[in-house]
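> sequence first, then the predicted structure, then my questions.
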Amino acid sequence: MRSWASVWSRRTPPLPWAVSPVAVPILRQGRLLVVSVPASATDQDLRGLLDDLAERVGATGASGVVIDVSGIDVLDSFATRLLETVGQVAHLRGAATVIVGIQPEVAQAMVQLGLTLDAVATALDLEDGIARLGQDTTRDERDDDDGR
Amino acid sequence: MMDADVCLAVVSEDDVVAARQRGRALAEQVGMSASAQTMVATAISEISRNLVIYGGGGEMSLTIVADGARTGVQIVAADRGPGIADIDLAMSDGYSTGNSLGLGLPGARRLMDDFDLRSRPGEGTTVTMRKWLPES
């Protein structure tokens, strides 16, 4: 089975009063979209990512989205709610979302803030996240067989 | 009032990031562990967001403090916004970060060792919080 990846990113026009925004690149791997959020991502970048993913899930017919946050050193309430929103929006568009790579210190701080990310699946790393989405796809196919 | 090591205006989203980076740097300077640094940075992020979203912008000071043998980091965040009408409610977990209306205050308090909030409707809000390096 061949697997391939293509890079798609959309440049947002630079705003005169802001540091020039860096669109977060979205990679495609089979039926999955893979995003690696850079450490330097601003609030604006994250909002842009939400918009981009909402569109790309539909445009590619993706069945899953993996968001790698291993480069992020603080996940506060804003960022966590945004990740949950990504999951909910992707779900409405027929895709499952997995957040991967939450660092140990970040996880500890999130628990103290009461941010449990219950609404979105999580996995330890990129490999686990992709494997998990693959398993979900397999389960759906089995359900189709049983339904006949 | 001791001289602050860092004083920042916190008015925009970019200032929130700057504040937590400065806070992390100060925590690291004092010798805190990676997880303690992250807790300081995260608490600063929450309180800074309150300054921006609810306080109409404000100021934050970061200071290395000493109390006898122990050393720590102190953050004072002040705004001249509308203030908090019901502090008990704002500090309860019913108003926790998970709730979209939450101010993140009980969470910030759990992340830090010392936490003090002063607020009067119409007079603004001041949050003072400290995290201490465990005595070795």
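Now that the structure is in, tell me what you want to look at.
> which non-adjacent residue is nearest residue A:108?
Nearest residue to residue A:108, sequence neighbours excluded (CB to CB, 6 or more residues apart in numbering or on different chains): residue B:35, at 5.4 Å. C-beta here means a position set from N, CA and C on the backbone, and glycine is covered the same way.
> confirm that the one you found sits in a strand.
No. In this structure, residue B:35 is helix, not part of a strand, as judged by DSSP: H, G, I helix; E, B strand; the rest coil.
> contact partners for it?
Listed by CB atoms under 8 Å, 6 or more residues apart in numbering or on different chains, the contact set of residue B:35 reads A:104-105, A:108-109.
> mind running it again at 10 Å?
By CB atoms under 10 Å, 6 or more residues apart in numbering or on different chains, the residues touching residue B:35 are A:103-109.
> around chain B, which positions in chain A sit nearby?
A:17-19, A:40-44, A:47, A:73-81, A:84, A:103-118 (CB under 10 Å from any CB of the partner chain).
> what about those residues, which are in strands?
With DSSP state E as the criterion, strands contain none of those.
> which PyMOL command selects the buried ones in the residues you listed?
To isolate the buried ones among the residues of chain A next to chain B in PyMOL, judged by 16 or more other CB atoms under 10 Å in any protein chain shown, type:
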select buried, chain A and resi 41+42+43+44+73+74+75+76+77+78+79+80+81+84+103+105+106+108+109+110+112+113+114+115+117
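> still on that earlier bit, separation between the residue nearest to residue A:108 and residue B:129?
With distances taken as CB to CB, to the nearest Å, residue B:35 is found 17 Å from residue B:129.
> cool, and residue B:72?
As judged by CB to CB, residue B:72 and residue B:129 stand 10 Å apart.
> now residue B:8: which helix or strand?
Using DSSP states H and E, the element containing residue B:8 is strand B:6-10.
> please point out which parts of that strand sit buried.
Within strand B:6-10, the residues scored as buried using 16+ other CB under 10 Å are B:6, B:8, B:10.
> what's the answer for stretch A:45-65, then?
Neighbour counts using 16+ other CB under 10 Å place A:45-46, A:48-50, A:52-54, A:56-57, A:60, A:62-65 of stretch A:45-65 among the buried residues.
> let's see that stretch as PDB, backbone CA atoms only.
In PDB, the C-alpha atoms belonging to stretch A:45-65 read as follows (Å, rounded to 0.1, in the frame of the first residue of the first chain):
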ATOM      1  CA  ASP A  45      -2.200  31.300  14.500                       C
ATOM      2  CA  LEU A  46      -4.400  28.900  16.500                       C
ATOM      3  CA  ARG A  47      -7.600  30.600  15.400                       C
ATOM      4  CA  GLY A  48      -6.300  30.400  11.800                       C
ATOM      5  CA  LEU A  49      -5.600  26.700  12.300                       C
ATOM      6  CA  LEU A  50      -9.100  26.100  13.400                       C
ATOM      7  CA  ASP A  51     -10.500  27.800  10.300                       C
ATOM      8  CA  ASP A  52      -8.100  26.000   8.000                       C
ATOM      9  CA  LEU A  53      -8.800  22.600   9.500                       C
ATOM     10  CA  ALA A  54     -12.600  23.100   9.400                       C
ATOM     11  CA  GLU A  55     -12.200  23.700   5.700                       C
ATOM     12  CA  ARG A  56      -9.600  21.000   4.900                       C
ATOM     13  CA  VAL A  57     -11.500  18.200   6.600                       C
ATOM     14  CA  GLY A  58     -14.300  18.700   4.200                       C
ATOM     15  CA  ALA A  59     -12.100  19.500   1.100                       C
ATOM     16  CA  THR A  60     -10.000  16.300   1.600                       C
ATOM     17  CA  GLY A  61     -12.700  14.000   3.000                       C
ATOM     18  CA  ALA A  62     -10.300  13.300   5.900                       C
ATOM     19  CA  SER A  63     -11.500  10.800   8.400                       C
ATOM     20  CA  GLY A  64      -9.100  11.900  11.100                       C
ATOM     21  CA  VAL A  65      -7.000  14.800  12.400                       C
END
